[in-house]
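Asks: My questions concern the predicted model and sequence given below.
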Amino acid sequence: QVQLVESGGGLVQAGDSLRLSCAASGRAISSAAMGWFRQAPGKAREFVAHINWSGGTTYYADSVKGRFTISRDNAKNTVYLQMNSLKPEDTAVYYCAHFSGGVYSYVRSYNYWGQGTQVTVSS
């Protein structure tokens, strides 16, 4: 069992930056790939970023490529999402998730989820 807790969300203006953290407990995540997803009101949960167990391989949604960076610190059992040049369309609840296998951009490929952290970007 893995418990995931996101933090770092908030209300910012367009162009600002935020860093989200996802702290894992219950079991080490050092051997697992992890992902970030987001869900805006009235919309389906969508893939944002994915990182392999070592941090050596990352993938991003086209909408965030070049602005967001996923990273991890396995010694701290924590995954991060650095978000720069934020836009109003980035407003959503952001979730981190533990990858269980399959296509990295699919929600069903992840088996443990955090409760989410709200990010609101004003124009």
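Replies: Great, that's in hand. Residues are numbered from 1 along each chain as shown.
Asks: Look up which residues are beta-bridged to the residue most central in space within the chain.
Replies: Residue closest to the mean C-alpha point of the chain, counted by C-alpha atoms, centre = their mean, is Trp36 at 2.4 Å. Going by DSSP bridges, Trp36 is paired in beta bridges with Ala49, Cys96.
Asks: let's have the chain start at 404 instead
Replies: New numbering, starting at 404: the last item is Trp439.
Asks: residue ranges of the strands in the protein, please?
Replies: Taking DSSP state E to define them, one finds strands in the chain at 406-410, 413-416, 421-428, 437-442, 449-454, 461-463, 471-476, 481-486, 495-502, 513-516, 520-525.
Asks: Looks like the residue nearest to the centre of the chain contacts His501 (just checking).
Replies: No: counting by C-beta atoms under 8 Å, Trp439 sits too far from His501 to count as a contact (11.6 Å). Any C-beta I mention is one placed from the backbone N, CA and C, and that applies to glycine too.
Asks: how about TSV for the strands of the chain, with mean pLDDT added?
Replies: Shown next, in TSV, are the strands of the chain (pLDDT from 0 to 100):
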stretch	mean pLDDT
strand 406-410	97
strand 413-416	98
strand 421-428	96
strand 437-442	98
strand 449-454	98
strand 461-463	98
strand 471-476	98
strand 481-486	98
strand 495-502	98
strand 513-516	97
strand 520-525	98
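Asks: Now do the same contact list for His501.
Replies: 405, 407, 427, 432, 435, 437, 513-516 (C-beta atoms under 8 Å, 6 or more residues apart in numbering).
Asks: how about a cut-off of 6 Å?
Replies: 405, 435, 514-515 (C-beta atoms under 6 Å, 6 or more residues apart in numbering).
Asks: can you put those residues in a markdown table and add distance to Ala452?
Replies: Listed next are those as a markdown table, based on distance: C-beta to C-beta, whole Å:
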| residue | distance to Ala452 |
| --- | --- |
| Val405 | 18 |
| Ala435 | 15 |
| Asn514 | 18 |
| Tyr515 | 17 |
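Asks: just the buried members of these?
Replies: 405, 435, 515 (16 or more other C-beta atoms under 10 Å).
Asks: who does Arg422 bridge with?
Replies: If you apply DSSP bridges, the partners that Arg422 bridges to are Gln485.
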